[in-house]
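Visitor: This is a predicted model, with the sequence first.
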Amino acid sequence: MTTSTNRVRISQWDALLLESLRSLGWSNEELIRRVQQNELPTDGPSDFDYAELATGLASKEPEVFVSAVTDGYQIKYNTIRGINSWIAAAFGREPELSLEEGSEAVTSELTQAEYERLERVLSFGWGIQEVRPAIGNTAGLYRIVPAVQTTSM
């Protein structure tokens, strides 16, 4: 079992690029190879410049990049809009974003597996509140909030 101390930490931007590429259905091996050889899409559903991943993380920290793809990762620092975008990229869901001061949150339906994956990826300082639990293959409803909100609610 991989613990949080064994997962590499990557930037939110690198995580978004990586999850957007994963959505193309590539295997881990193909994803690694394509990024390392800079054989990346230049157009598509997103406006991402995937070359940033190839010339950045994959070339400057190749061991970290491969570990992030194969073993998972934790994001170094999340923003609320970044969490919203990560959920959309990783799970193909459009979460609800609330930016009201004092009650900022990202609300999304998540399966149990998606919940567990999000929990492993979130940076320190964020918590997940259960609104409606996931049961079996049925998605539940969850709010991702700054950690200070999880203790005061």
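Guide: Structure received. Numbers count the residues shown, from 1 in each chain.

Visitor: Show the contacting residues for the closest residue to residue 138 other than its chain neighbours.
Guide: Take residue 138 and drop its neighbours on the chain: the residue closest to it by Cβ to Cβ, 6 or more residues apart in numbering is residue 111, 7.9 Å away. Placement of C-beta: from N, CA and C, glycine included. Residues near residue 111 by Cβ atoms under 8 Å, 6 or more residues apart in numbering: 134, 137-140.

Visitor: Residue 79: neighbouring residues, count only.
Guide: Counted with other Cβ atoms under 10 Å, residues neighbouring residue 79 total 13.

Visitor: quick one: low-confidence ranges for the chain?
Guide: Per-residue confidence for the chain (pLDDT under 70) gives these ranges: 1-5, 44-46, 149-153.

Visitor: where do the strands sit along it?
Guide: Ranges of strands in the chain, per DSSP state E, are 8-10, 73-75, 96-98, 105-110, 126-132, 140-146.

Visitor: now, of these, which is deepest in the fold?
Guide: Highest mean neighbour count of the strands of the chain: strand 105-110, a mean of 22 (counted as mean count of other Cβ atoms under 10 Å).

Visitor: Quick check: which helices or strands does it pack against?
Guide: helix 80-91, strand 96-98, strand 140-146 (3 or more Cβ pairs under 8 Å, 6 or more residues apart in numbering; DSSP states H and E).

Visitor: Tell me which strands that strand pairs with, and in which orientation.
Guide: strand 96-98 (antiparallel), strand 140-146 (antiparallel) (DSSP bridges).
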